[in-house]
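Enquirer: No letters, just coordinates:
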C-alpha cells in the first residue's frame, strides 16, 4: 500500500499529467502531499481515508502525508479521463516559515489536508488552467507558481474536509479547554454508552447549555460528534482487522447492527461491508 513516489530529495515537487480510460492504481499512501485534478470522470469512486464518494465531472483534492487514497473507475464511462497530479515533500515548507502571519492560510489548509480536502467548482475553475500549465514553467518560476496556487487554494471558500478526524487520529484545537476535555473523554469511551449528561458534567455546564455550546464551537451536535468518533474507529477496524461487522458495531458503541449500518451509510454513502471490500480488494504493497 505504501507508494514510493518518483520525487527525489533534490526536487521541490513533481507533476505528471495523463489521459486514460480507467483508474487502475490501487489504494495506497505516501509521505508526500498530493494535489489531484481530475477532469471528465463522472461516476468514478474516490476513497480518501474513511471517506468514499462518487465524484462528478470535475474535482480537485489535496491529500496529506500517509493518508490512504485512490480513485476507482466504478461507473465512469469516459474514454478520456484527464488527471493532473502534483506531489511535494511534506517538509517543502519549513514549520517556522509556515508559522509566519502571511502563511497562516496555507498552514491551516495543509493541516486540514491530513483528512483530505476537496475544493468547490468555482475554485477549480479559477485554478484549473494554472495547474494544467504548471509543467510548462521551469526552475524557480515553477516553485513560485506552485506556492501561489497553494495560497490561492488556501483562501478558497467552502473547501470540504473528507475523512473522519478519528480515522486519522488527528487532534483539533477548538480554542476551548472544555471542548478538548469532552473530546478526550469521548475518544477514550466511545465504546460505551456515552450520554449528554456525562459530557455536560465534564464541561461543568447544564445539559441544554452544553448542547448549544458544542454546536457553536464545532458545527456539530453532541451525538453527531460522538458518532463521527465511533465511525472513525469502526472504519479503521474494518480495514485493519477481520473482526465481524457486528462485533465492530458493538465494540464502537453502537447498540445494534441495524443502527450501525444506517448511520454508516448516511455518513459514508455505503454500508460497512462495501467499505471493507473497497479496501481489502485493493490492498497491495508497492
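Expert: Everything's here; your move. All figures in this text were calculated on a predicted structure; none of them were measured in a lab.

Enquirer: Quick check: end-to-end length of stretch 11-24?
Expert: The straight-line separation of the ends of stretch 11-24 (CA to CA, to the nearest Å) is 26 Å.

Enquirer: can you give me the helices for the stretch 101-250 of the chain?
Expert: 104-112, 121-132, 139-154, 177-189, 196-202, 207-218, 222-240, 245-251 (DSSP state H, counting those that start in this stretch).

Enquirer: same question for stretch 200-218, mean pLDDT?
Expert: Mean per-residue pLDDT for stretch 200-218: 92.

Enquirer: swap that for stretch 88-105, please
Expert: 91.

Enquirer: So which bits of that stretch are buried?
Expert: Neighbour counts over stretch 88-105 (16 or more other CB atoms under 10 Å) mark 88-89, 92-93, 103 as buried. (Glycine included, C-beta is placed from N, CA and C.)

Enquirer: separation between the residue lying closest to residue 23 once chain neighbours are set aside and residue 81?
Expert: Once flanking residues are discounted, residue 23 sits nearest to residue 71: 4.5 Å by CB to CB, 6 or more residues apart in numbering. In this view, residue 71 and residue 81 are 9 Å apart by CB to CB, to the nearest Å.

Enquirer: and if you look at residue 65?
Expert: 25 Å.

Enquirer: okay, these two: which has more neighbours?
Expert: residue 81 (21 against 16; other CB atoms under 10 Å).

Enquirer: Identify the contacts common to residue 71 and residue 81.
Expert: Applying CB atoms under 8 Å, 6 or more residues apart in numbering, one finds that residue 71 and residue 81 are jointly contacted by 23, 38, 41, 44.

Enquirer: just checking, the last one touches residue 71?
Expert: Think residue 44. Yes. Applying CB atoms under 8 Å, one finds residue 44 in contact with residue 71, separated by 5.4 Å.

Enquirer: what number of residues lie near residue 123?
Expert: Residue 123, neighbours per other CB under 10 Å, totals 18.

Enquirer: Residue 55 versus that one, what's the distance?
Expert: Distance from residue 123 to residue 55, by CB to CB: 15 Å.

Enquirer: do residue 246 as well
Expert: 31 Å.

Enquirer: Looking only at neighbour counts, state which of those two leads.
Expert: Between residue 246 and residue 55, residue 55 has the larger neighbour count (other CB under 10 Å), namely 18 against 14.

Enquirer: so who does the more buried one touch?
Expert: 38, 41-46, 71.

Enquirer: Just the buried ones out of those, please.
Expert: Buried, going by 16+ other CB under 10 Å: 38, 41, 44-46, 71, out of the contacts of residue 55.

Enquirer: And the residues you listed, which two are furthest apart?
Expert: Using CB to CB, those reach their maximum pairwise distance at 38 and 45, which is 11.7 Å.

Enquirer: Nothing else from me, thank you.
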